[in-house]
Each structure stands twice: as C-alpha cells, then as structure tokens.
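Enquirer: structure for this input, please:
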Amino acid sequence: MNRQRLFWGACAGMFVFGIVLAILGALFGLPEMRGRLGVNLAQQGDIFSMLFFGVFLSTIIVGPLIDSFGNKLVLMVSAAFVAFALAVLAFAHSFSAALIAAATLGFGGGGLNTSANALVADLYPQNRGSMLNVLGIFFGFGALFIPLLAASITGMMSIPQLLLIAATLAAVCAVAYLLMAFPPPREAVGFSFLASIKAVRIPGVLLFGVILFFQSGNESTIGGWTSTYVVSIGAQPTTATWILAFYWAAMMLGRFVSAKLLQYVTKARLILASGIGSAIGCTVMLASHEIAVIAAGVIIIGLSFAAIYPTTLAIAADRYEHLAGTIFGLLFAMGLIGGMLFPWIVGQLAQRQHSVRPGMLVPLIGGLAIAIVAAIVGRRR
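Expert: Prediction:
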C-alpha cells in the first residue's frame, strides 16, 4: 500500500462528492434545465429532496460495509453509482427519470463521503484532525468546480455534455479504486444494515452527533439563504453571489489554518472556539445593513465553520477507532437531518414574518449550541 496515493484517492472522492452536492443547483440555475425535464419549481424541490434522501440512506448503510469489507469496495461502487447517475441525468427528459437519477447520485455521493473520511482517519491515526481538515478542502474544490465550469462554458457546451464530463471524472475514480491496494477492514464485525443506528447506544456518540446536527444545519442554512438575505436588504444579486463566494472561500482557507492550529490546541477546544466564532459572525452579519459589514460577518462564519465538521470526525475516530466506518455513518446521518431541517425552519420563519432576518437567527443559535456541546466533550474522557 502507498499511504500518500490512498490519501489522494480519498481527496478525489471528496472532490466528486462536492460535485454531487453542487451540480443540481448549478444546472437548475440554467433556464433550459427545467424545460428539458418538464418540471416546475415544486418538482425541482422534489428532485433536490431525493438527492439528500439518497445521501442519508447511504450514510446509514455504508458505515457497517466499511467496517466489514473495507473502503475499497465502498469507494469503487459509490464512484460507479455517481458516474451511472450522472450519465442517466444527461439523457433524462422526464421528472421520474430525474428523480431516480438524483436518488442514485445521492446514494453514491454519500458512500464517497463516508468512506473517504473513514479512510483518512484510518491512514493517519496520529494526525487525524489536521488530515481530515485538509481532506475537507477538496469538497470545496468539487463544489466550486461545476458552478464555475457551468458559468464559463454557457453557450459553448450543452447540459448533457457538462453532465458527461462530471460522469467521466467519477468513472475514472471508480477505475482507480479498482486498481489501488487498500488496507483490510479493521474489525470484521459482520455486516448489518442497522449497525449504524445501533451505534447510538455507544456512550458519547450522541454528543458528536449533536454537534454535526447543528453544524450541518448551520452550513446548509448559510449556504442556501445568505444570498436571499443579502438581496432582501437591498443589495444587487451579483453582490449577493460574491458574498456567498466569500463564504466558501473563507471555509476552504479556514481548513488550511485549522490543520496548522491543531498542532497547538486540542481538537475539542478548536471546536469550542469555532462554535463561538460562528455565533459572533452571525451576530455581525445581522447587526448591520451595510454590505461591507455583512460580508465581514459571512467571512467570519466561513472561517469558523471550517474546522467543526472534520475535527469532530477526528475526535470520534480517536475514541471509536475500531468502528470508525459505522460511527461515521451514524454521525453523517444525524448531520443530514439537521442539514434538511434548518433551511426549512428558516423558510417557515421568513414566510410568517415576511422577512428573512428572523430566520437567520437559527445558525446563531446553532453556533452557541455547538460551543456548549464541545465544552461537554472536552470535559469527558
């Protein structure tokens, strides 16, 4: 085995996972996408829901598979699912075909996410926090890749061609995983579909799940509602898009910084500081109608969010090393619940209050909750 080669393989998997979560949003921003599928806005929302349902289902199932059969099988099959789903979507011309493709795409993407993180946690037992933060950077690269590509080639390339480019990248990953040598499973516990759910009974696991529940909810809220919030206070859509880009860039920069900071501070303290920092950033964002101040708040939020997800996974892997895949599956599933719930809450509040501002208090509360739970984790052995 070549540890460095395996790490880059995991990074490739996270890059493809970033594409999975970003590609539908990027393509539905092009007017012809809905026309080609014959869907309305409500059906577009159903397609997004199927994508996240596929990710949720996958995170529950693949964790026990990793612990029983190793990462090679999961990475290879997951990348193949993504390639297949993108190819189906490239030639889909109906709502039902798009639903099936979205569910399959999410299922494959969820497997890549869980397995890539579990693999890196296994490869670097003495340096998990830093390496998982570095791994997370490649998710950002993948998430930015398709929107930037779509924006740069509009009018030069069709939607099916764009989808086939992404499918080819996933297929290349599947072939590469087939040819690479992977470490054997740490503990052949016997496969069970319910193993990840049963892991809830392991002492302390729920604390990590609660952190990722709030963090996933915060990330999906900021990523999904920031542009709407900025426009609602009178900014131009182009300005709002740039502010959202600052958020993603700050998160990627924050993961570089976090990888270094973990040489000097404990993982639990970094999560505690990040939770407090995200609450401060939300306060700054909500405290003013000045675009510069709002942008500063969003940048603080991105920098603060950066370390929470990968560092929480690192602590969980340290404490439950022999069942990292199963534990990761449970934690990702709990995180996805928050990721689906928080934006919905913001939307309900915005509709009832006729303003997005009250809803944007949700990630502020989430940041404070993360800080409280991180303080508890830091005090427990």
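Enquirer: okay, now the unreliable bits of the stretch 51-200 of the chain?
Expert: Along the stretch 51-200 of the chain, the parts satisfying pLDDT under 70 run over 147, 150-156, 186-200.
Enquirer: surely Ser258 meets Ala273?
Expert: No - using CB atoms under 8 Å, Ser258 is not in contact with Ala273, being 10.2 Å away. Just so you know, the C-beta spots here come from the backbone N, C-alpha and C atoms, and that holds for glycine as well.
Enquirer: of the two, who's got more company?
Expert: Between Ser258 and Ala273, counting by other CB atoms under 10 Å, Ser258 is the more crowded of the two (27 against 17).
Enquirer: grab the nearest non-local neighbour of the more buried one.
Expert: Ala307 (3.8 Å; CB to CB, 6 or more residues apart in numbering).
Enquirer: three-state assignment of Leu164?
Expert: helix (DSSP: H, G, I helix; E, B strand; the rest coil).
Enquirer: circling back to that earlier point, go ahead and confirm the residue nearest to Ser258 touches Arg269.
Expert: No - counting by CB under 8 Å, Ala307 stays clear of Arg269, with 10.5 Å between them.
Enquirer: follow-up on the earlier one: distance check, the residue nearest to Ser258 against Ala101.
Expert: Distance of Ala307 to Ala101, given as CB to CB, to the nearest Å: 34 Å.
Enquirer: which of those two has more residues huddled nearby?
Expert: Shown here are Ala307 and Ala101; by other CB under 10 Å, Ala307 has more neighbours (30 against 25).
Enquirer: what about that one, distance to Phe56?
Expert: Distance from Ala307 to Phe56, by CB to CB: 24 Å.
Enquirer: neighbours of Gly110, how many?
Expert: Close neighbours of Gly110, defined as other CB under 10 Å, add up to 30.
Enquirer: which element is it on?
Expert: helix 95-123 (DSSP states H and E).
Enquirer: and that helix, what does it pack against?
Expert: Counting contacts by 3 or more CB pairs under 8 Å, 6 or more residues apart in numbering; DSSP states H and E, helix 95-123 packs against helix 3-28, helix 31-37, helix 41-69, helix 71-91, helix 128-153, helix 308-319, helix 324-353.
Enquirer: report the inter-axis angle for the longest one versus helix 95-123.
Expert: Just to be clear, that refers to helix 324-353. 130 degrees (axes from the mean of the first three to the mean of the last three CA atoms, to 10 degrees).
Enquirer: enumerate every residue touching Thr239.
Expert: Each residue near Thr239 by CB atoms under 8 Å, 6 or more residues apart in numbering is listed here: 230, 291.
Enquirer: any idea of the mean pLDDT in the helix or strand containing it?
Expert: In this structure, Thr239 sits in helix 237-261 according to DSSP H and E. For helix 237-261, mean pLDDT is 81.
Enquirer: which positions in it come out as buried?
Expert: By 16 or more other CB atoms under 10 Å, the buried positions in helix 237-261 come out as 239-241, 243-244, 246-248, 250-255, 258-259, 261.
Enquirer: how far does stretch 72-90 sit from its chain's centre?
Expert: 18 Å (CA atoms, centre = their mean, to the nearest Å).
Enquirer: whoops, stretch 336-354 was the one
Expert: Worked out by CA atoms, centre = their mean, stretch 336-354 lies 18 Å from the chain centre.
Enquirer: so what's the residue count around Arg68?
Expert: Arg isn't right for residue 68; it's Ser. For Ser68, the count of nearby residues is 18 (other CB under 10 Å).
Enquirer: hmm, Pro185 and it touching each other?
Expert: Yes - with contacts counted by CB under 8 Å, Ser68 reaches Pro185, the gap being 6.0 Å.
Enquirer: what about the closest residue to Phe84 other than its chain neighbours, how many residues nearby?
Expert: Of all residues not flanking Phe84 in the chain, Thr104 sits nearest, at 6.6 Å (CB to CB, 6+ apart). Neighbour count of Thr104, defined by other CB under 10 Å: 20.
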